[in-house]
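1. only geometry, no sequence info:
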Ligand code: PEP
Ligand code: MG
């Protein structure tokens, strides 16, 4: 049987139609309603997701006929069609028949078993009896969308004749509001036009329609004016000028439509200018649009800190001891500088990634390196600069020769630290990227320390040829809010300083001297993004609720005490991931229990009643700890990291567990173990926790006996047997940074394969879904703390997949909450379900983008 869907702005109206139909056919029809929106303040409207769901609920091989009331109902129905698989789209027909009469006629035909063509014909002819009775001729019945344009089925528009002897004035305008002249803007248009005595007409120039009367809501609506269409308004009469001024103001004000929705949706839905020969494609790394002149930050300037290379002058010294002391002093000064950079990054960037500078500190203490330098100074009577410079060059060359992308990244660190010492020895004051004017920084690569010290008010964008979206310097850029594109073709390095560049960090496109059209589109996109950001901050402190009041917890990922305050100021409802590595990385020995306790307590104190999830030490991988006997590994991400290391070094883990347990007294602390691959690992970790608890109990040291214990789900094996893990713990937190790299077998630090390690790939999304289902089936809660949560496009998917909590970098919290506030749970579920059916991350993004243009 042909199914029927009623789409209306009003739930009441649609239900009324349903009731009438039911009476006519005694319930023998497959009919669904999509009407109104989930906004108690403003319930009139239509929703494409609802329409999609209604169609799906009555769909059969016989097809579905959709009847709509007016305006945006038509657009919502058209969008709903796009969500359907192509083979189903051809069986769903949008019909321009009048809603009440059409629905009844169609239902009667469908209930009697007529095929689609017959049902359509009946619906189209539904006005004939009424028109005949009124003596009105209907020239041609309303048609089906796609076969013929909807025309004047309610009576042809009158060709209004200008008032004799009066001058006709005319204006041309472009309609910019998102849904064009749909029912409500059209009503405002008509209300405005009827305030004047003049005869006013309007036509849709873009569609080449004829003029219609501006005082007829039907005729104005039927012009089919969409966003971007040009209209012409004419006015004839004594107050023609005033009328046109008023109508122009109305159109320019977007008919008073909600610009907030327009602005924030434009973050991901504004049109992207076409790529031209002057544009380059890279990997999107940090979102946002930047428009500014270019500034080439050459590798030599990176190395030599934006000055001419420091000349390493080699000379013979009489007293090697003095040289050695000079070097010792330089090392101490460098230590202070790096420590300052570390602190600055921790505060400003608010992410454990700042701990990359710990590696720099360790480098300064490397005994092998220092011994070699000392030997040169004493044996060859060399000056400190020459001895140091030669050894650094050797180390860097050794790294280079390995030609391993991961190790190449380490070269940048070696050179960075090496140059710092040379600069200090030469007495040159510290300099960073010093721009007198705002610019877009172009470089082959940026070291983390270059990036951490960038001033976001001067460096408006970053273009680099190396890198991956998860490289340390890129994560720092993202935290600083600087739009960035990485992995660009080398042509970008040939661009002369001062050349106008535009960077779209969301799409990975860069335009060199963009065309005016391109520039205009990007300026609009930039403006709307900035407006959306300000609006999001304003509401960030409210709970994260969907339109239908479904709540999600939004917490922060932090890596230091300083991050905590920033997290709260951004609207975090607690800390979902405290990366404790920062406590271990910049020192020669592991932190004591007391040292750790102080930090955990300080963070818990700042959080007050908010929860704090402390993750136990997750070193290894890209964060080796030489003082703990960690040796370089061939595959560090598949090696001795996280819980594997901790279980083999029980002393380290026990000390940390004692500190965490003690900090839990009087605070909302939870504990989380990283890199869990087997049930035996979590059982061993829990056994150790129980031992420490027993010790504390015996010693009368207070701790929270009910402290929740969770694991990070970041290894595919943990997903596969999630229901077994769910019996062991109180919660799961999905670590999609690692999960993506392991599911896709793509090292997250290797630019060559970085695009593969995309958490929005359906393969990863299905893993998330599987984990959520296992957790909920066992009655435990599940969160997610990977970088993907900071991607605004991920918000509907994560909500729709049923996550109870997300934890993300603090600056991304306002935008996440705002994205959730625009959705209903039903919409999010449809989006999530649709994304799971896609075959690529690109298609997943497309699905979300299309859904958000509702
Ligand atoms: C993750 O893997 O997603 C995660 C949050 O942990 P990290 O990035 O510290 O490995
Ligand atoms: Mg991880």
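-> Perfect, thanks for sending it. Treat the numbers as computed from the prediction; the structure is a model and nothing was measured. Ligands and ions are numbered 1, 2, ... in the order given.

2. drop to CA atoms for contacts and neighbour counts, all remaining ones
-> Noted.

3. Give me every residue in the chain lying close to ligand 1.
-> 714, 735-738, 785-786 (Cα under 6 Å from any ligand atom).

4. Could you list which of the residues you listed belong to helices?
-> Mapping these onto helices (DSSP state H) picks out 736-738.

5. Any idea how many residues pack against residue 496?
-> Residues near residue 496, counting by other Cα atoms under 10 Å, number 12.

6. Ranking helices and strands of this structure by mean pLDDT, which lands last?
-> helix 259-269 (a mean of 33; mean pLDDT, DSSP states H and E).

7. what about the residue in the chain that ligand 1 sits nearest to, neighbour count?
-> At 3.0 Å from ligand 1, residue 735 is the closest residue in the chain, using Cα to the nearest ligand atom. Residues lying near residue 735 (other Cα under 10 Å) number 23.

8. Please apply the same query to residue 680.
-> 10.

9. Which helix or which strand is home to it?
-> Residue 680 is part of helix 679-698, with elements assigned from DSSP states H and E.

10. now swap in residue 779 and tell me
-> Using DSSP H and E, no helix or strand contains residue 779.

11. try residue 807
-> Going by DSSP H and E, residue 807 is part of strand 805-808.

12. List the contacts of that strand.
-> Residues outside strand 805-808 that contact it (Cα atoms under 8 Å, 6 or more residues apart in numbering): 552-557, 575-577, 782-787, 789-790.

13. Same question for stretch 657-667.
-> 593-594, 596-597, 600-601, 604-605, 608-609, 611, 614, 616, 669-671, 689, 692-693, 696, 701-704, 707.

14. Okay, now the sheet partners of the helix or strand following the least confident helix or strand of the chain, with direction.
-> For helix 259-269, the succeeding helix or strand toward the C-terminus, using DSSP H and E, is strand 279-281. Counting by DSSP bridges, the strands paired with strand 279-281 are strand 509-512 (antiparallel).

15. The strand it pairs with: how far from the chain's middle?
-> The chain centre lies 21 Å from the centre of strand 509-512; the measure is Cα atoms, centre = their mean, to the nearest Å.

16. What of stretch 475-489?
-> Worked out by Cα atoms, centre = their mean, stretch 475-489 lies 14 Å from the chain centre.

17. What is the end-to-end distance of it?
-> 21 Å (Cα to Cα, to the nearest Å).

18. how about that stretch: buried residues?
-> By neighbour count on 16 or more other Cα atoms under 10 Å, the buried set for stretch 475-489 is 475-488.

19. One more: stretch 515-532?
-> Buried residues in stretch 515-532 (16+ other Cα under 10 Å): 518-519, 522-526, 528-530, 532.

20. which of the residues in the helix or strand encompassing residue 23 are buried?
-> Secondary structure assigned from DSSP H and E places residue 23 in helix 11-25. Neighbour counts over helix 11-25 (16+ other Cα under 10 Å) mark 11, 13-15, 17-18, 20-22, 25 as buried.

21. What helices and strands are in contact with the helix or strand following it?
-> Later in the chain than helix 11-25, the nearest helix or strand by DSSP H and E is strand 31-35. Applying 3 or more Cα pairs under 8 Å, 6 or more residues apart in numbering; DSSP states H and E, we find strand 31-35 packed against strand 3-8, helix 11-25, helix 48-58.

22. can you tell which of those is closest to residue 78?
-> The minimum distance between residue 78 and the helices and strands packed on strand 31-35 falls on helix 48-58, with 8.0 Å, by Cα to Cα.

23. quick one, that closest one and strand 3-8 angle?
-> 160 degrees (axes from the mean of the first three to the mean of the last three Cα atoms, to 10 degrees).

24. Average pLDDT for stretch 322-339, rounded please.
-> Average pLDDT, stretch 322-339: 90.

25. So for that stretch, what gets flagged as buried?
-> Buried, per 16+ other Cα under 10 Å, within stretch 322-339: 323-324, 326-327, 330-331, 333-335, 338-339.

26. gap between it and the chain center?
-> Counting by Cα atoms, centre = their mean, stretch 322-339 comes out at 43 Å from the chain centroid.

27. How about stretch 721-736?
-> Worked out by Cα atoms, centre = their mean, stretch 721-736 lies 25 Å from the chain centre.

28. how long is it end to end?
-> 17 Å.

29. which residues touch that stretch?
-> Contacts of stretch 721-736 (Cα under 8 Å, 6+ apart): 679, 682-683, 708-714, 718, 759, 764, 768, 771, 774-775, 778, 780-788.

30. mind running it again at 7 Å?
-> With contact meaning Cα atoms under 7 Å, 6 or more residues apart in numbering, stretch 721-736 is reached by 679, 708-714, 759, 771, 774-775, 778, 780-786.

31. which parts of that stretch are buried?
-> 721-726, 728-736.

32. pLDDT on it, on average?
-> The model assigns stretch 721-736 a mean pLDDT of 98.

33. which stretches of the stretch 501-650 of the chain have low pLDDT?
-> Residues of the stretch 501-650 of the chain that meet the criterion pLDDT under 70 lie in 586, 622-624, 626.

34. which residues in it form helices?
-> 516-539, 561-569, 582-585, 593-607, 643-648, 650-664 (DSSP state H, counting those that start in this stretch).

35. Report the angle between the fourth one and helix 650-664.
-> Angle, helix 593-607 to helix 650-664, by the same axes, to 10 degrees: 40 degrees.
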